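>>> any chance you can model this:
(one chain, ligands or ions: 3)
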Amino acid sequence: MARIVITNGTVITATGAHELTVVVDGERIAALLAPDSSDHASAAASGSHVIDAVGKFVIPGGIDVHTHMEMPFGGTMSSDTFETGSRAAAWGGTTTILDFAVQKKGESLQAALDLWHQKAGGNCAIDYGFHMIMADVNEITLKEMDVLHGEGITSFKLFTAYPGVLYSTDGEIFRAMQKAGQIGSMIMMHCENGIVIDEIIKDHVGRGETAPYYHSISRPEAMEAEATHRCIQIAKVAGSPVYVVHLSAKEALEQVVIARDRGQNVFAETCPQYLYRSIDDLTRPGMDGFEGANFVCSTPLRHREHQAELWRGIRMNDLSVVSTDHCPFCFKEQKAMGIGDFSKIPNGMAGVEHRMDLLYQGVVDKHISLARWVEVAATTPARLFGLYPKKGVIAPGADADIVIYDPNARQTLGVEMHHMAVDYSAYEGEVIDGRCDLVMSRGRIVIENKQYVGTKGQGSYLKRSLSQYLV
Ligand code: URP
Ligand code: ZN
Ligand code: ZN
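Ligands and ions are numbered 1, 2, ... in the order given. As a prediction, the model looks like this:
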């Protein structure tokens, strides 16, 4: 592989902006050079492939720690494979995904991990790792948590939602958290009171209130806040960290803020759909009155007033990460399964391709700084999930996962332009500032001149360490 020298760009890291030349040797970043240094002149003149990034930002490749590629869910399978989903991620400047392997009830965690390796291996355009969803918490699976650490799985997701499917009791959550506290894993929690929610769903469906809108109504903010509070308290007693996934309600955020202010190891993420979409989208009249199904996800989209609070949370570091919860289902044949009963709409939205751009729009709109953009999209995800300093930073020795980002470009989002395997866009027609000019994964260019130039299978499995926030 040729040496690559990226000149004239502004390197953005979690600490700010720096005028530096980036030298890539093979798969790694070899050096950062000041433009007036003598090394700089020789690096640019040494027969290397020189990329002129004048007027552009040079940022670490994005890390999306919450994706669901080809996941069986809601009676169907999420529509992106690892091949299509990881390629779409690359288009949008994400160079690492962490996907959730799903244990089926009665099966071992190892069997779930083996299956996810089969799905992803040889198919990814970018590097990837896994978390493990535990459907059973028992003596056997608790022991397996140790084994999985050895295989690079250091985070485990549990649910207080979806009774009878992925739901765990408080006792089970306590046991898993106790174990995590002992061995240093991160417990990720889907926080919604699924028991109460299932009763509310019965009420709505019983009254004939079956439209997509009732999906959101049946999952009140109070039930997200209650479960968030409960999981935080259980984690405190169990001596474990907790990471709250896809937080959407300001009432849940308040619980995170209280715990963090007390000094507890509580972390949370939100997702672009909660920053840019709202419950209003569930009443869209298109697609024979069923377009709202395209905005069904859990936790659900909230009223617009929550958005400012979520941006505030990102700015103040109460929300540490922005991931996508990318879980695409096509309208035809998948979302349409819920016509006549919103509870049968597969839960999830697509987004892996647009996270970096939608967050950059947050910079343009002055919600966050450039440094915070990089921090929540790449650096903190790497640090929280055992990938740092290999990933998430532009520094000598790090993997050369680099995005050259053009802040002056404009693009219109929509189903015709996106690369995700889903037949609608939640952002159809939205015009946003900025786009990726060039994307590099471990020193190999994968996106250049608006073309995908990578190859299927060049992404490698990432064996992760423990969270850097806990050791
Ligand atoms: O609606 C969602 N979030 N679907 C994906 C599964 C999950 O709970 O993350
Ligand atoms: Zn979830
Ligand atoms: Zn998810």
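
>>> helix, strand, or coil at Val165?
Following DSSP: H, G, I helix; E, B strand; the rest coil, the label given to Val165 is coil.

>>> neighbours around it, how many?
Around Val165 there are 12 other residues, counting by other C-beta atoms under 10 Å. Placement of C-beta: from N, CA and C, glycine included.

>>> then the one 10 residues further on?
By the criterion of other C-beta under 10 Å, Arg175 has 18 neighbours.

>>> now it, what's its secondary structure?
Per three-state DSSP, Arg175 ends up helix.

>>> please name the nearest non-neighbouring residue to it.
Among residues not flanking Arg175 along the chain, Val137 sits closest, at 5.5 Å (C-beta to C-beta, 6 or more residues apart in numbering).

>>> ok, the residue nearest to the spatial centre of the chain - contacts?
Central residue of the chain (C-alpha atoms, centre = their mean): Ser323, 2.6 Å from the mean position. Residues counted as contacts of Ser323 (C-beta atoms under 8 Å, 6 or more residues apart in numbering) are Asp64, Val65, His66, Thr67, Val245, His246, Glu269, Cys271, Arg355, Pro381.

>>> report the contact partners of the residue nearest to Arg175.
Counting by C-beta under 8 Å, 6+ apart, Val137 has contacts Leu158, Ser168, Glu172, Ile173, Arg175, Ala176.

>>> re the thing from before, quick one: the contacts of Ser323 as TSV, columns for secondary structure, neighbour count and pLDDT too.
Formatted as TSV, those follow (DSSP: H, G, I helix; E, B strand; the rest coil; neighbours: other C-beta atoms under 10 Å; pLDDT from 0 to 100):
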residue	secondary structure	neighbour count	pLDDT
Asp64	strand	31	99
Val65	strand	27	99
His66	strand	27	99
Thr67	strand	27	99
Val245	coil	23	99
His246	coil	24	98
Glu269	strand	25	99
Cys271	coil	27	99
Arg355	helix	25	98
Pro381	helix	26	98
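
>>> and which of the residues you listed is nearest Ser42?
Of all those, Pro381 has the smallest distance to Ser42: 35.1 Å, by C-beta to C-beta.

>>> what number of residues are in the vicinity of the spatially closest residue to that closest one that is not a sequence neighbour?
Among residues not flanking Pro381 along the chain, Ile63 sits closest, at 4.0 Å (C-beta to C-beta, 6+ apart). Ile63: 32 surrounding residues under other C-beta under 10 Å.

>>> beta partners for Ile63?
For Ile63, the beta-bridge partners are Thr96 (DSSP bridges).

>>> that one touches Ala377, doesn't it?
Yes: using C-beta atoms under 8 Å, Ile63 is in contact with Ala377, at 7.2 Å.

>>> moving C-terminal from whichever helix in the chain runs longest, which element do we reach first?
Ranked by residue count, the top helix of the chain under DSSP state H comes out as helix 221-238. Next helix or strand after helix 221-238 toward the C-terminus (DSSP states H and E): strand 242-244.

>>> not counting its neighbours along the chain, what's nearest the residue in the stretch 101-250 of the chain that ligand 1 sits nearest to?
Proximity of the stretch 101-250 of the chain to ligand 1 (C-beta to the nearest ligand atom) peaks at His190, 4.9 Å away. Spatial nearest neighbour of His190, excluding adjacent residues (C-beta to C-beta, 6+ apart): Phe159 at 4.3 Å.
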